[in-house]
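**Q** Requesting a structural model of the entry that follows:
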Amino acid sequence: MLLTPDDIKQIAHLARLGIEEAALDHLAADLSTMLDLVEQLQAVDTEGVEPMAHPANASLLMRDDIVTESDQRDVLQAPAPALQDGYFLVPRVIE
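**A** Numbers count the residues shown, from 1 in each chain. Predicted coordinates:
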């Protein structure tokens, strides 16, 4: 599909995009190339091809939800200058 600079202006207007005049020819060529590729993909016969979510047909491996680390909050918070109820106290940033 061959797009003209006028087509690009119309598309940009509909999308509320500001495009410089100098870029119109380049964009028209690039978008025309992309639309040609889409046309080629649409021409492929996909009859009998089962849709899939991932090209490698991968599945997620689930693991048991088991605690593997001990509670080290007190050790990790020991160097903090100020704590309250197990939380770090920091200076107020937004007033």
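
**Q** Now do the top helix by length along the chain: distance to the chain's middle.
**A** Ranked by residue count and defined by DSSP state H, the top helix of the chain is helix 24-42. A distance of 22 Å separates the centroid of the chain from that of helix 24-42, by Cα atoms, centre = their mean, to the nearest Å.

**Q** Repeat that for stretch 62-82.
**A** 32 Å.

**Q** Residues contacting it, please?
**A** If you take Cβ atoms under 8 Å, 6 or more residues apart in numbering as the criterion, stretch 62-82 is touched by 83, 86, 88-90. Using the backbone N, CA and C atoms, a C-beta is placed for each residue, glycine as well.

**Q** Give me the neighbour count for Leu27.
**A** Per other Cβ atoms under 10 Å, the neighbour tally for Leu27 reads 18.

**Q** And the one 5 residues further on, by the same measure?
**A** One way to gauge burial is a neighbour count; for Ser32, by other Cβ under 10 Å, it gives 16.

**Q** how much space is there between the closest residue in space to it that isn't next to it in sequence and Ala82?
**A** Leaving out its chain neighbours, the residue that sits closest to Ser32 by Cβ to Cβ, 6 or more residues apart in numbering is Leu3, at 4.8 Å. Applying Cβ to Cβ, to the nearest Å, the value for Leu3 to Ala82 is 62 Å.
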